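Asks: Here is the input, now give the coordinates:
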Amino acid sequence: MEQDKGNLDSYMHRMIVWRRKKRMSIIMLVIFLAILVFLVQFYMVDQKGRLGGDINTKEDEAFMENIAVKFIEAAKLNGQMHKGKFKVHKDNQPRMNELSKQTEKPSEVLETDQQLGIPYVLTDRYIPNHRIVHFDFKGAPPTIKYLKKIIALAKNVGATGLLLEYEDMFPYVGKLAFMAAKNCYTMEQVRDILDYAKSLNLEVIPLIQTFGHMEFALKQKDFAHLREVPDSPQALCPSRNGSLQFVKELVKQILDAHPMSNYLHIGCDEVFEMGECEVCRMEIRENLFLKHVKNVAKIVHDNKADVQVIIWDDMLRHVSQQTLQESKIGEHVEPMVWVYAEEIYRFVQPPVWDKYAGVFKTAWTASAFKGAFGETVYAPNARRHLENNLRWLDVMSTQSNSFQHGFRGIVLTGWQRYDHFAVLCELLPASLPSLILNLQAVSNGFFNSSLKETFMSTLTCVFSRERRSSPFISLENDPFMWEKLSRCLFPGNGFFKLLYRLHNLEQEAKEYIDTTTKQRGWMTPYNAKHNYSSPLRVEELTQSLPRVYHGMISLARNAADSLADLMDNYTISEWIEQRVYPYILEVEKIYNESSVLKSVKYWPVRPLPMLKDLKRHGIHLG
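Replies: As a prediction, this is how the structure comes out:
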C-alpha cells in the first residue's frame, strides 16, 4: 500500500508539473500570438499609410500581393535576388516577416503622410555630397533679379552648387560672336550671377556642348562646314581640323569667364550623327567618340590644368569595359549618369554600373525637376520627379561603394527645351515648387511631412486655420500641386497659379473646338467650304464662343503681366504664341466662318460640287 501511495504521489507530482508547464506554454503562446497580430496590423497600417491608401480589411489580401510584387520588382532591379538579400518562395512572394524587415518606418513620419501621395521608395537616407541645380538658359533667359531669388531659395533648402548651361545665352566675342543670341546675357550679368553664387558659397559648373547638340553654332553658315552631316547642324565632325580650333576658342572664352570654377561640363550626350562623313566613316564609332572626348579634355587642361572635366554618360553605356580601359578615358573625364524616368535600372543596368566602377574612380548622377516628361509640357509632374529623385538616392546608396571615391553628387536638371530647335517646355516660375520639393528630398535623403515647415516657409505658404487640418500636398491627386500651392507667395507664384487656369481653359477650348467642328454636323470644314448650313444651328453652336474667346484673351494678358519681371519679353511672347495664341486663332476662325454661314439667305439644290482635288490622287468621278 505504501508503495502504491508513493507511486500515486509521484504521479500526482508529475501531473502538477506538467499542468504548470502546459499553462505556461499556453500563456507564452497567447502572448506570442498577440504580439504577432499586433505587428502584422502595425505593418499593414504602416505600409498602407505610406502608399496613401485607406485601411480596409476586405482589401488586405490584394494589398499585400501588391506590396510583394513591388518588392520583387525592386529586388530584380537592384540585383538583390541573386545576392541573398531576402528569400523568394514558391509563390514568388516574400514572406510577411521578410517584408517587415525591409520596411522599417522612418521615425520622422507623421500622421498625415498617408495622405501626401509620396511615391513609395525604399531608401537608406543617402545624402549626396553635392546637390547641384541645373539652369538651362537656351534661348529663354530669366531675368537676373529673378534668377537670384531662385538661387537663394535653392541654397536655403540644401543646394551646394549650380550647373549653368548657357548655349546661345553666353556673350561670345570675336570669332564666336555670331553664336550669341540677340537677347543673351551681358558679361556684366554673367559676373553678377557668379559673384552672387560665390557669396552663397555655391560651386558653379559651366556647361558647354562640344560634340552633339551643336545646333546653336552649326546652324550658322559660317560654321556649317564643321557639320558631321552637311544638311544637319546636330553634331560636330571630330575629324576636321577646324572643329578642334572651334572648341579651343569656345573652351577658352567659357573658362576665362569662370575663373573660380573647379569643373567644366563638356556635354557630349546624344551624338546622333557620328561616323557618317567620309573621314569619320573609316574609324569605329566608339573609338571616334572616345578620341574626340580626350581631345576636348586635353584642350580644357591646356587652358587650366586643375579643372575636372565632366561628360554625360549615355554614349558610354554600350561601350565595352575593355575599350574604355584601353582608351584610359577614366584619366580624363568623370561621367554624369543621367536618367529622368522613375526606373533607373531600366536604363542603366547593374552591369553598366560595374563597368563604370571599373573604369572611373568616381561619377556624378543626374535627375530632373522639370523638362523631362514631354517636349510641350508646361508644368512639371512633381510626383514623378520626386519618385525619380528618391529612386536615384536608392541607386546611389547601393552603387556608391563600388567606386573608389564614391559619388561626387547629384544634379537636378531643369531643361528649358529638348534641343535648340524645340519649343519651350516648363518655365522656371512653373517649376519652382517642384525644385524645392525635390531639392529637399535629395538634401535630406527622404521626403515626408517632417519637412513640411521648411517646404511651406520656403514657398511662403500661409493657409487659413480651416485648411491646416488637410495635408499640405497631395501628390497622388494633385501632382502639379496647383490646388495646394496656388495661394503661396513664392517668386513667380502668379504665373504658377495661372497655369492651373490655363489647364482648365485649354480643356474647355479643346472640347468646344472639337464639338463645333467635328462632333456636330453644321460647322464642319465641309460646311464652311460650301457655305452650306443652317443659320439656326450655327447660332446655337456659337453661343459659348464669346466666353471661350475672351477667356483666352484674358489669359494671354495675365500671362504677360505675371511673367513681366521674371523672363525677357522675347520669351514671354514666345510662350504666349505657343500655348495660348493657337486657341485664339481657332476660335476666331470659327467666329469668322459662322458669320459667313449665317449671312447666307439662299442655298442651291443638291448635289453640291464634287472635290476636284480627288483627281490628283487618281480618283476620277466624272
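Asks: center of the protein - which residue?
Replies: The centre of the chain sits closest to residue 368, judged by Cα atoms, centre = their mean, with a distance of 3.8 Å.
Asks: Could you look up the SS state of it?
Replies: strand (DSSP: H, G, I helix; E, B strand; the rest coil).
Asks: Check whether it really touches residue 388, as I assumed.
Replies: Yes: between residue 368 and residue 388 there is a contact at 6.3 Å, judged by Cβ atoms under 8 Å. C-beta: built from backbone N, CA, C; applies to glycine.
Asks: Mind listing the shared neighbours of those two?
Replies: Common neighbours of residue 368 and residue 388, using Cβ atoms under 8 Å, 6 or more residues apart in numbering, are residue 340.
Asks: roughly how far is the helix or strand encompassing residue 302 from the heart of the chain?
Replies: Residue 302 is part of helix 285-303, with elements assigned from DSSP states H and E. Using Cα atoms, centre = their mean, to the nearest Å, the distance from the centre of helix 285-303 to the centre of the chain it belongs to is 29 Å.
Asks: Give the buried residues for the helix or strand that it is followed by.
Replies: Downstream of helix 285-303, the first helix or strand assigned by DSSP H and E is strand 308-312. Judged by neighbour count using 16 or more other Cβ atoms under 10 Å, the buried positions of strand 308-312 are 308, 309, 310, 311, 312.
Asks: Now these in a markdown table, please, with extra columns for pLDDT and distance to residue 413.
Replies: Output for the buried residues of strand 308-312, formatted as a markdown table (pLDDT from 0 to 100; distance: Cβ to Cβ, whole Å):
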| residue | pLDDT | distance to residue 413 |
| --- | --- | --- |
| 308 | 98 | 19 |
| 309 | 98 | 18 |
| 310 | 98 | 13 |
| 311 | 98 | 15 |
| 312 | 98 | 10 |
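Asks: following the helix or strand of the chain with the lowest mean pLDDT, which helix or strand comes up?
Replies: Lowest by mean pLDDT, DSSP states H and E among the helices and strands of the chain is helix 96-102, with a mean of 32. With elements assigned by DSSP H and E, the helix or strand that comes after helix 96-102 is strand 130-136.
Asks: Which strands and helices lie in contact with whatever helix or strand comes next after that next one?
Replies: Using DSSP H and E, the helix or strand that follows strand 130-136 in sequence is helix 144-156. Here helix 144-156 touches strand 130-136, helix 187-199, helix 428-444, going by 3 or more Cβ pairs under 8 Å, 6 or more residues apart in numbering; DSSP states H and E.
Asks: same thing but at 10 Å, please
Replies: Secondary-structure packing of helix 144-156 (3 or more Cβ pairs under 10 Å, 6 or more residues apart in numbering; DSSP states H and E): strand 130-136, strand 161-165, helix 187-199, helix 428-444, helix 452-458.
Asks: now the angle between helix 187-199 and that helix, please.
Replies: Helix 144-156 and helix 187-199 are oriented at 20 degrees to each other (axes from the mean of the first three to the mean of the last three Cα atoms, to 10 degrees).
Asks: Going forward, count from 3.
Replies: Fine by me, first position is 3 from now on; the one you just mentioned is helix 146-158.
Asks: Measure how far helix 146-158 is from the centre of its chain, please.
Replies: Average the C-alpha atoms of helix 146-158, do the same for its chain, and the two points are 20 Å apart (Cα atoms, centre = their mean).
Asks: Mind checking the pLDDT average for that helix?
Replies: For helix 146-158, mean pLDDT rounds to 98.
Asks: if we can go back for a sec, looking at the helices and strands packed on helix 146-158, spot the one closest to residue 306.
Replies: Nearest of the helices and strands packed on helix 146-158 to residue 306, taken as Cβ to Cβ: helix 189-201 at 15.5 Å.
Asks: Dump the C-alpha coordinates for the helix or strand just after that closest one into PDB.
Replies: Where DSSP H and E defines the elements, the next helix or strand beyond helix 189-201 is strand 205-209. What follows is strand 205-209, C-alpha atoms only, in PDB (Å, rounded to 0.1, in the frame of the first residue of the first chain):
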ATOM      1  CA  GLU A 205      30.000  75.800 -56.600                       C
ATOM      2  CA  VAL A 206      29.500  76.900 -60.200                       C
ATOM      3  CA  ILE A 207      29.900  74.500 -63.100                       C
ATOM      4  CA  PRO A 208      29.600  75.900 -66.600                       C
ATOM      5  CA  LEU A 209      28.200  73.500 -69.300                       C
END
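Asks: What angle do helix 189-201 and strand 205-209 make with each other?
Replies: Using the same axes, to 10 degrees: strand 205-209 against helix 189-201 is 140 degrees.
Asks: List the buried residues in strand 205-209.
Replies: 205, 206, 207, 208, 209.
Asks: domains of this structure?
Replies: What the record gives for the chain is the domain set 4-107, 132-463, 496-619, from automatic domain parsing.
Asks: what about residue 603, which helix or strand?
Replies: Assignment of secondary structure by DSSP H and E places residue 603 within no helix or strand.
Asks: tally of neighbours for it?
Replies: Residue 603 has 6 neighbours, counted by other Cβ atoms under 10 Å.
Asks: what does residue 584 give?
Replies: Using other Cβ under 10 Å: residue 584 sits among 12 other residues.
Asks: I figured it hits residue 378, correct?
Replies: No: judged on Cβ atoms under 10 Å, residue 584 makes no contact with residue 378 at a distance of 11.2 Å.
Asks: So in terms of bridging, what pairs with residue 366?
Replies: Going by DSSP bridges, residue 366 is paired in beta bridges with residue 338, residue 411.
Asks: And the helices in the stretch 203-352 of the chain, which stretches?
Replies: 217-220, 243-259, 287-305, 323-329, 346-349, 352-361 (DSSP state H, counting those that start in this stretch).
Asks: list the helices and strands the fourth one packs on?
Replies: Helices and strands touching helix 323-329, as assessed by 3+ Cβ pairs under 10 Å, 6+ apart, comprise helix 287-305, helix 352-361.
Asks: Quickly compare those and say which is most buried.
Replies: Comparing the helices and strands packed on helix 323-329 by mean neighbour count (mean count of other Cβ atoms under 10 Å), helix 287-305 ranks first with a mean of 19.
Asks: With the flanking residues excluded, which residue is spatially nearest to the residue nearest to the centre of the chain?
Replies: Spatially, and ignoring its direct neighbours in sequence, residue 370 is nearest to residue 342 (4.0 Å; Cβ to Cβ, 6 or more residues apart in numbering).
Asks: so that neighbour sits right up against residue 383, yeah?
Replies: No: judged on Cβ under 10 Å, residue 342 makes no contact with residue 383 at a distance of 11.4 Å.
Asks: Overlap in contacts, the two.
Replies: Each of 372, 374, 375 lies in contact with both residue 342 and residue 383 under the rule Cβ atoms under 10 Å, 6 or more residues apart in numbering.
Asks: beta partners of the first one?
Replies: To tie it back to what came earlier, the one meant is residue 372. residue 416.
Asks: tally of neighbours for it?
Replies: 29.
Asks: which residue sits closest to residue 303, ignoring its sequence neighbours?
Replies: Closest residue to residue 303 apart from its sequence neighbours, by Cβ to Cβ, 6+ apart: residue 309 at 6.9 Å.
Asks: what's near enough to touch that neighbour?
Replies: Residues in contact with residue 309 (Cβ under 10 Å, 6+ apart) are 207, 253, 257, 260, 263, 264, 265, 266, 299, 302, 303.
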